[in-house]
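[1] Need the 3D shape of this:
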Amino acid sequence: MVGSTTHHEMTYDLSVKNPNTPEEAPLRKPEEILDEMAMLDEQTQKILGVVRGLI
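    Down below sits the predicted model:
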């Protein structure tokens, strides 16, 4: 005879996991982050220039 505790441990995974959560993106190197920030700053400056030209 198998006890109820043993049976549940063998067949059910009761750990807290959400199967619908997306996988996390791998961490980027600081240099990559800084390069992207610089590129975005350049794009922002260009856009601001266009907006200033419209005013």
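[2] Distance check, residue 22 against residue 55.
    41 Å (CB to CB, to the nearest Å). Every residue, glycine included, has its C-beta placed from N, CA and C.
[3] likewise residue 12?
    Counting by CB to CB, the gap from residue 12 to residue 55 is 65 Å.
[4] Could you do residue 18 as well?
    Distance from residue 18 to residue 55, by CB to CB: 48 Å.
[5] List the buried residues of the longest helix seen in the chain.
    With secondary structure taken from DSSP state H, the chain has its longest helix at helix 30-54. Using 16 or more other CB atoms under 10 Å as the test for burial, helix 30-54 gives no buried residues.
[6] by contact count, what packs against that helix?
    Helix 30-54 sits against no helix or strand, with contacts defined as 3 or more CB pairs under 8 Å, 6 or more residues apart in numbering; DSSP states H and E.
[7] Pull the distance from it to the chain's centre.
    Averaged C-alpha coordinates place helix 30-54 at 23 Å from its chain's average position (CA atoms, centre = their mean, to the nearest Å).
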